[in-house]
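J.: Quick one, fold the following:
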Amino acid sequence: MKTSMILDSIQIIGFAILLFAPFDKKRVRARWANMVFILGSIIGIAKGTIGLAWDLGWFALGSEASGRLDRYLAMIGGLLLGFLFSLIFSGQLTGKKQPPNKSLQATAAAPASCD
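T.: Numbers count the residues shown, from 1 in each chain. Below you'll find the predicted structure:
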């Protein structure tokens, strides 16, 4: 098994896990960060799947097309790295912890009934 196959498999699994990060109710993130998580995960899964299929020999390309696909996959990798850096530098990668829900606690004494 080639190293590139293992890396593509790790990439598919990693981005599949990262796809669920925006749906974590314990963390609050900006809307754009949630969209970057979803879009980046879908692109990352597609990149890993195409790379794995190419490594397994499921499709064959000519020398020119093979070089072009390799360059496109490298550019997509750079795009994903840019997405990751934007989340890291903005602080949206980890998000903010959701404050505990205080709606279940009584806030004031119940008003007396007027009989």
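
J.: burial of residue 49, as a residue count?
T.: Using other Cβ atoms under 10 Å, residue 49 is surrounded by 15 other residues. Quick note: C-beta positions are derived from backbone N, CA and C, even for glycine.

J.: average model confidence for the longest helix along the chain?
T.: For the chain, the helix with the greatest residue count under DSSP state H is helix 63-90. Average pLDDT, helix 63-90: 94.

J.: Would you mind pulling up the elements that it packs against?
T.: Judged by 3 or more Cβ pairs under 8 Å, 6 or more residues apart in numbering; DSSP states H and E, helix 63-90 is in contact with helix 31-55.

J.: between the helix it packs on and helix 63-90, how big is the angle?
T.: 150 degrees (axes from the mean of the first three to the mean of the last three Cα atoms, to 10 degrees).

J.: From the contact counts, what lies against helix 31-55?
T.: helix 3-18, helix 63-90.
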